[in-house]
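>>> Model the structure of this input:
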Amino acid sequence: MTDDTRTRGLAMMEKVYGFEMQDGPGAHFAVTADHLFADIWSRPGLSIRDRRLLLLGALTAQGLVDVAEIQVGAALHNEELDEDQLREIALFLCHYVGWPLGTKLDSMIGGVLHKRKKAARAAAPDAEAI
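Model prediction:
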């Protein structure tokens, strides 16, 4: 690993997740930053949104909706997908990965949207006070 590789990996992680990423310890973080994000997520040919869509499908097919929640939050934060598109993804996946798994994704999306709306309402009075 070079410092340049780690820098590129951390920068891509920030683009993908929408928040500042700090360097982390251990081999697992090193492979995640240096290979997965510096090399794989940074390859030409697919956008971050494209890769996120593929990842949402793969995670849902495996029943890993808890991990998919990170991707849904990042897609909303980065404005890559909106509420209607996320709901459509869940409905579409029901037909390919099975109704129970697609429904779990839809339920998780609903939970994420509810939390975001609740947080926005809670922040609104603060914005008016400024």
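>>> which residue is nearest the middle of the protein?
In the chain, the residue lying closest to the centroid (C-alpha atoms, centre = their mean) is Gln71, at 1.7 Å.
>>> any idea how far that one lies from Leu91?
Taking C-beta to C-beta, to the nearest Å as the measure, Gln71 falls 17 Å from Leu91. For the C-beta atoms, the positions are set from N, CA and C on the backbone; glycine is no exception.
>>> same question, Gly57
Distance from Gly57 to Leu91, counting by C-beta to C-beta: 13 Å.
>>> So if I had to pick from these two, which one is more boxed in?
Between Gly57 and Leu91, counted using other C-beta atoms under 10 Å, the more crowded position is Gly57 (17 against 13).
>>> Setting aside sequence neighbours, what's the nearest residue to that one?
Of all residues not flanking Gly57 in the chain, Leu93 sits nearest, at 6.1 Å (C-beta to C-beta, 6 or more residues apart in numbering).
>>> hang on, isn't the one you found packed against Lys104?
No: using C-beta atoms under 8 Å, Leu93 makes no contact with Lys104, being 9.9 Å away.
>>> between the two, what contacts are shared?
Residues touching both Leu93 and Lys104 (C-beta atoms under 8 Å, 6 or more residues apart in numbering): Thr60.
>>> quick one: contacts for the residue nearest to Gly57?
So Leu93 contacts 56-57, 60-61, 101-102, 105 (C-beta under 8 Å, 6+ apart).
>>> Let's have the residues you listed in CSV, adding pLDDT, secondary structure and distance to His28.
Listed next are those as CSV, based on pLDDT from 0 to 100; DSSP: H, G, I helix; E, B strand; the rest coil; distance: C-beta to C-beta, whole Å:
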residue, pLDDT, secondary structure, distance to His28
Leu56, 97, helix, 22
Gly57, 97, helix, 24
Thr60, 98, helix, 24
Ala61, 98, helix, 23
Leu101, 97, helix, 27
Gly102, 97, helix, 30
Leu105, 98, helix, 26
